[in-house]
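A.B. asks: no FASTA, just this:
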């Protein structure tokens with residue numbers, strides 16, 4: 001049974017292009033399924049989090065990350081009586097707008113797009129699901145419900161200040177009430193993203209040997225996790241020991257979010273999803289003590305992993321790839337795939353052309369970007 005403040009599919013605000021409802025799926029289930037079948041979702045298989053896609057088979061990709069986020073989100077959503085299908089749809093779609101090479105690629109593309117309105121991966125996800133996925137006869141994009149689009153736009157909170165152009169284009173057609181907070185389902189998707197990457201970045205850093213298990217065992221929260229494992233399993237194999245400790249860490253984060261959210265919901269007592277939006281604060285988040293501990297862990301990861309010499313060296317290489325591909329395609333539009341050339345012919349301005357080139361590069365996988373750079377320009 002769903003809570004009174006959950007998003008009810010029977011009360012959904014509809015789609016930009018009206019459609020007949022499915023006889024066996026809710027509108028939010030339909031959104032989720034369309035996201036899973038989207039081309040952009042499949043390409044997440046070869047887009048990375050921190051490490052470049054070809055560096056190893058065991059590191060997380062955007063696809064495995066999105067699946068992990070959705071799994072966490074469904075767990076939290078179920079515990080809070082929320083709509084699991086809407087939560088999952090937002091969780092699965094939240095990274096669709098990421099460029100190749102993780103945040104490094106985004107930084108490079110943002111700098112290149114600065115004269116043309118900029119680039120923002122959250123807004124790009126909106127652009128993908130409202131414009132760039134072109135498979136349906138009746139509309140561009142996936143024609144998602146208002147609630148799913150709202151979740152993508154506002155899962156990190158209200159959008160204040162200058163609105164990214166890609167998001168503004170969507171919002172002009174379908175007012176997403178950007179000044180308010182998102183539904184509880186979208187908030188769950190956002191915090192599940194934090195839970196997932198805080199957990200798996202530790203895994204990936206250990207596998208890359210950027211830090212040791214002993215160093216992790218000295219960090220807040222993790223010290224308790226390793227202590228509990230050592231008490232229960234003295235002399236446990238090295239790999240099993242760290243796995244047991246990290247899964248306990250994972251569990252602590254999920255339980256903290258659920259417990260804190262239950263407390264906040266009991267205090268606020270929202271009587272509808274709109275009262276969640278109007279609460280004036282993020283309801284689904286970590287407690288203050290756990291958030292403080294996570295800041296220490298993130299500082300450790302920033303120093304030892306994100307700024308590790310091997311990672312910095314690769315960041316420089318892939319930054320150069322993006323920086324060289326962008327001007328190349330701006331002046332060699334004949335090298336864009338055939339299905340993009342009609343857009344180029346109708347561009348009408350340098351800004352419009354730059355946004356087409358940005359869309360194309362942002363959609364590339366790590367592997368394809370490297371291959372295209374080598375084919376067209378030379379080895380980076």
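C.D. replies: Okay, I see it. This structure is a prediction, so every number in the text was calculated from the model and none was measured.
A.B. asks: going forward, measure contacts between C-alpha atoms and count neighbours the same way
C.D. replies: Fine.
A.B. asks: quick one, phi/psi of residue 145?
C.D. replies: The phi/psi pair for residue 145 (degrees, to the nearest 10) reads phi -70, psi 160.
A.B. asks: contacting residues around the closest residue to it other than its chain neighbours?
C.D. replies: In space, and not counting its chain neighbours, residue 145 is closest to residue 15: 4.6 Å by CA to CA, 6 or more residues apart in numbering. For residue 15, the contact set (CA atoms under 8 Å, 6 or more residues apart in numbering) comprises 143-146.
A.B. asks: okay, residue 379: pLDDT?
C.D. replies: Note on residue 379: pLDDT of 71.
A.B. asks: repeat for residue 51
C.D. replies: Residue 51 is given a pLDDT of 54.
A.B. asks: burial measure for the closest residue to residue 129 other than its chain neighbours, as a count.
C.D. replies: Excluding the flanking residues, the one nearest residue 129 by CA to CA, 6+ apart is residue 141, at 4.6 Å. Residues near residue 141, counting by other CA atoms under 10 Å, number 19.
A.B. asks: re the thing from before, for the contacts of residue 15, which one is nearest residue 277?
C.D. replies: Checking these against residue 277 by CA to CA gives residue 146 as the nearest, at 13.9 Å.
A.B. asks: can you give me the strands in the stretch 51-200 of the chain?
C.D. replies: When assigned using DSSP state E, counting those that start in this stretch, the stretch 51-200 of the chain turns out to have no strands.
A.B. asks: let me have the contacts of residue 15 in TSV, extended by distance to residue 22 and pLDDT.
C.D. replies: Formatted as TSV, the contacts of residue 15 follow (distance: CA to CA, whole Å; pLDDT from 0 to 100):
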residue	distance to residue 22	pLDDT
143	14	97
144	14	98
145	13	98
146	17	98
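A.B. asks: residue 3: what secondary structure?
C.D. replies: State at residue 3, reduced to three classes by DSSP: H, G, I helix; E, B strand; the rest coil: coil.
A.B. asks: now it: how far from residue 116?
C.D. replies: The gap separating residue 3 from residue 116 is 44 Å, by CA to CA, to the nearest Å.
A.B. asks: can you give me the offset of the host helix or strand of residue 259 from its chain's centre?
C.D. replies: Using DSSP states H and E, residue 259 sits within helix 238-268. The chain centre lies 20 Å from the centre of helix 238-268; the measure is CA atoms, centre = their mean, to the nearest Å.
A.B. asks: before we move on, what about stretch 134-153?
C.D. replies: 17 Å.
A.B. asks: over to stretch 69-87?
C.D. replies: 16 Å.
A.B. asks: cool, stretch 154-161 as well?
C.D. replies: Counting by CA atoms, centre = their mean, stretch 154-161 comes out at 15 Å from the chain centroid.
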